[in-house]
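Asker: fold the following for me, if possible:
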Amino acid sequence: MTSERLIVPPPLRTADLTMSDGAVIRLRQYGRADGRRLALSHGNGLAIDAYLPFWLPLADVFDLVLFDVRNHGENPLHDPAAHNWDRFARDMAEVAAGIDAAFGQKPTVGVFHSLSAVAALLQAVNERSPWSALALFDPPLYPPHGHPLQALEQADMDDRTRRARRRPQRYDSPEHFAAQLRRGPAFSGWVAGAHLLFAESTLKPVAGGGWVLRNPRELEAHVYESNVDPTIWPRLGSVACPLILIGADPAHPSATPPAAGCKAIHDEYGVDYVMIPDTTHFLQIEKPEACRRALEDFIARIGLR
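Answerer: Numbering: from 1, shown residues only. Coordinates of the predicted model:
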């Protein structure tokens, strides 16, 4: 167990966006306002603050705008019926427009992991992407029917759905939750301090004592259960902006299907791809420096100004 504590610094500016259905998504700006802009978001049940080891050093060079997916992190809870993939995709376009309105218009790279990465792709294959480029970390895309990876992805989504529904309703403290995480083999590769940061970012205190999940377990389970769209994968060639998949290591002992899926998409459709060795689905928290290097190399190659 480590005593190191990771502290999320206060943002330079914030802006609360109201989506077209009334949900509120808070933007937080960090870094250099005159730098190239990155918009960052997170995976299911998580919060972008938990990715601090990855994004904070980027603030030395870039203009960062962080946001949580609806019903996650700093956002107030909204209608559970609107917690679905179509709405996540629509939010992407509305958030992109809101970023320009709040902080000034400029080219923006969407840097998204898991849930937010799939949402960005769902939006991009159905409409023109609002982002100048997309750097997507280990998106759990559902393979097309008949693909050899589909059964593995379905089994993984089923397992995650079951585990989400079994999550405790209440925790004694963030420290208690962090101790549980440290005992899990799948979280053993995280950098020092990340377990407590994760707990603090995904829990909130409640009246009467104790802590509850910011993203309720029923909503987390629903997202896993409904992540079964086989049409996104074969349409990735239609994404008009530069795109890279930054994937986990398929050979890792704790590898999950998205790692193999990213490589398969690269092999089958020629989508730009980098694999980060010795990482799992939480690659940005395990190897943040290597993930930043892959992102920065991509931005340099596309020549974003």
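Asker: sketch out the low-pLDDT regions of this protein for me.
Answerer: The chain contains residues with pLDDT under 70 at 1-3, 305.
Asker: assign the residue in it sticking out farthest from the centre to helix, strand or coil.
Answerer: In terms of distance from the mean C-alpha position of the chain, Gly208 ranks first, at 31.6 Å (C-alpha atoms, centre = their mean). Assigned with DSSP: H, G, I helix; E, B strand; the rest coil, Gly208 falls in the coil class.
Asker: just the helices in the stretch 151-300 of the chain please.
Answerer: Assignment of helices within the stretch 151-300 of the chain using DSSP state H, counting those that start in this stretch yields the ranges 174-182, 194-202, 217-225, 257-269, 283-286, 288-302.
Asker: show me the strands in the stretch 51-200 of the chain, by range?
Answerer: Counting by DSSP state E, counting those that start in this stretch, the stretch 51-200 of the chain has these strands, from start to end: 63-67, 108-113, 133-137.
Asker: could the ones you listed go into JSON lines alongside mean neighbour count and distance to Ala33?
Answerer: All C-beta atoms are positioned from the backbone trio N, CA, C, and that covers glycine. Output for the strands of the stretch 51-200 of the chain, formatted as JSON lines (neighbours: other C-beta atoms under 10 Å; distance: least, C-beta to C-beta, whole Å):
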{"stretch": "strand 63-67", "mean neighbour count": "25", "distance to Ala33": "6"}
{"stretch": "strand 108-113", "mean neighbour count": "26", "distance to Ala33": "13"}
{"stretch": "strand 133-137", "mean neighbour count": "25", "distance to Ala33": "20"}
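Asker: please convert those to JSON lines, extending it with distance to Leu38.
Answerer: Formatted as JSON lines, these follow (distance: least, C-beta to C-beta, whole Å):
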{"stretch": "strand 63-67", "distance to Leu38": "5"}
{"stretch": "strand 108-113", "distance to Leu38": "5"}
{"stretch": "strand 133-137", "distance to Leu38": "8"}
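Asker: packing partners for the longest strand along the chain?
Answerer: Secondary structure of the chain per DSSP state E: the longest strand is strand 24-31. The helices and strands touching strand 24-31, judged by 3 or more C-beta pairs under 8 Å, 6 or more residues apart in numbering; DSSP states H and E, are strand 13-18, strand 63-67, helix 85-103.
Asker: reformat these as CSV; add distance to Asn126.
Answerer: Written out in CSV, the entries for these read as follows (distance: least, C-beta to C-beta, whole Å):
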stretch, distance to Asn126
strand 13-18, 21
strand 63-67, 21
helix 85-103, 7
